[in-house]
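Novice: My questions concern the predicted model and sequence given below.
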Amino acid sequence: MSINGVFRTSVSGMNAQANKLSAVSDNIANSSTTGYKRADVEFSTLVLDSGGGGAYQSGSVLSQTRRDITQQGSMTSSTSATDLAIEGDGFFIVQSEGGQDAYTRAGAFVQKTIVDDNGAEVTYLVNAAGQRLSTKNEANQTVPITLPVNQNIAPVATENMDMKFQLPSSAVVGDKQTTSVVVYDQLGTPQTIRVTAEKTAGAAAGTPPTSGTWNFNFTNEAGASIATAGPIAFGLNGNPTAAAGAVNLALADGSPVVGTFSGLTQFNAPFSSEMSANGNPAGFYESFSVTSGGVVTGRLGTGQTKEIATLSLARFKSADQLEVQTGNLFFETRDSGAAQFGKAGDAGFGTTRSGALEESNVDIAEELTAMIVSQKNYTANSKVFQTGSEMLDLLVNLKR
């Protein structure tokens with residue numbers, strides 16, 4: 001091996017360790033960056049042909065950077081409902097400045113309202129770089145999600161009412177249980193319907209034998225009866241002996257409402273009920289959030305929620321091969337494979353969490369250890385270079 005080979009090999013070693021230290025410094029600097037994926041440097045040998053002689057030809061060391069993109073970061077809670085995190089596989093879709101699809105795990109989104117070309121105000125969910133959270137429409141086109149902020153919500157009259165009751169088998173004839181539900185007429189005026197269940201008969205022999213019979217009375221706010229249901233008899237197993245039919249009600253303005261019993265039981269347990277109805281009053285959305293299935297919902301002042309849009313997530317066959325760009329963005333490459341789109345919770349896709357963020361997957365202890373090791377290796381390579389320099393000086397001095 002020539003002395004020049006010593007220089008070449010030691011310099012390649014120092015360059016490789018400098019590359020490693022660059023990755024470590026980047027990881028430490030971004031350890032608190034939301035959705036950051038740590039970089040690592042792998043080394044491999046470069047062997048030179050000895051040419052058949054007995055002298056050893058020192059080679060070099062090659063370094064290659066890779067990203068641990070698929071490694072999940074820890075979850076941290078947030079006070080903002082528009083902060084989003086993905087648990088499992090998948091990326092949020094945003095649009096880059098050039099209109100190209102970009103992908104990210106950084107879900108710190110905020111509302112931003114702009115005035116479009118038609119003079120209308122439009123509100124988007126944007127990240128720190130101003131890129132808009134987007135989804136795929138039915139034509140597989142990328143479209144930004146818009147929020148109906150300050151948009152007047154028209155009233156919707158109640159049409160359907162769902163009812164579930166657990167009636168106590170220990171009740172005696174004449175016992176009553178009462179619950180209520182709020183419905184809306186065509187003007188969005190709220191009205192309360194009270195439902196009273198009264199036990200009218202106890203156990204009776206027959207075909208089939210029954211363990212109790214109940215009637216249901218529906219009254220409006222004035223106390224007037226607007227519909228009845230029953231008698232509904234329960235078998236020995238606690239279930240109705242026959243299916244309960246629909247209940248047709250009419251509100252004060254004549255709006256029809258159809259009530260459906262989706263659950264009826266009579267067990268040896270306390271009374272419980274679950275009442276729900278569609279429809280809503282006029283108003284505005286007060287807040288927005290995202291469900292675990294990626295559904296963007298708006299919350300009205302009544303506490304009701306309405307679906308606004310559904311997030312699409314993207315995943316890749318080899319996500320670690322994505323191209324990394326500024327702003328916590330990833331871009332599709334040939335090695336990563338084409339993006340596959342789906343909904344949160346679909347097979348192969350993770351779920352979304354509202355009010356949470358994914359932390360970086362950097363382990364500070366590991367990075368500090370790697371920094372110390374790389375520093376020592378860099379020093380060792382510099383000693384090799386220094387020794388080669390001293391040997392070269394010795395050769396030069398032989399002429400003197």
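Specialist: Sure, I can see it.
Novice: does F261 sit in a helix, a strand or a coil?
Specialist: Secondary structure, DSSP: H, G, I helix; E, B strand; the rest coil: F261 is strand.
Novice: Next up, the contacts around it.
Specialist: Counting by Cβ atoms under 8 Å, 6 or more residues apart in numbering, F261 makes contact with 163-165, 229, 244, 247. In this view, the C-beta of every residue, glycine as well, is placed from N, C-alpha and C.
Novice: and if you look at N381?
Specialist: Contacts of N381 by Cβ under 8 Å, 6+ apart are 10-11, 13-14, 17.
Novice: Most neighbours out of the residues you listed, which is it?
Specialist: Q17 (24 neighbours; other Cβ atoms under 10 Å).
Novice: so it touches Y378, yeah?
Specialist: Yes: contact criterion Cβ atoms under 8 Å: Q17 and Y378 qualify, at 4.0 Å.
Novice: Out of the contacts of F261, which one has the lowest pLDDT?
Specialist: The member of those with the lowest pLDDT is A244, at 89.
Novice: Now it. Nearest residue, chain neighbours left out?
Specialist: Take A244 and drop its neighbours on the chain: the residue closest to it by Cβ to Cβ, 6 or more residues apart in numbering is F261, 4.2 Å away.
Novice: what's the answer for F109, then?
Specialist: L125 (4.1 Å).
Novice: which regions of this protein lie under the pLDDT threshold?
Specialist: 1-5, 50-57, 399-400 (pLDDT under 70).
Novice: then the helix or strand where I232 lies to CSV, C-alphas only?
Specialist: Taking DSSP states H and E as the criterion, I232 maps to strand 225-235. Provided in CSV are the C-alpha atoms of strand 225-235 (Å, rounded to 0.1, in the frame of the first residue of the first chain):
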residue,chain,number,x,y,z
SER,A,225,-100.7,13.2,23.8
ILE,A,226,-99.6,13.1,20.1
ALA,A,227,-99.0,9.4,19.7
THR,A,228,-99.1,6.1,21.5
ALA,A,229,-97.4,2.7,21.1
GLY,A,230,-98.3,-0.7,22.5
PRO,A,231,-99.2,-2.7,24.2
ILE,A,232,-95.8,-4.3,23.9
ALA,A,233,-95.4,-7.7,25.6
PHE,A,234,-92.1,-9.1,26.6
GLY,A,235,-91.3,-12.8,26.7
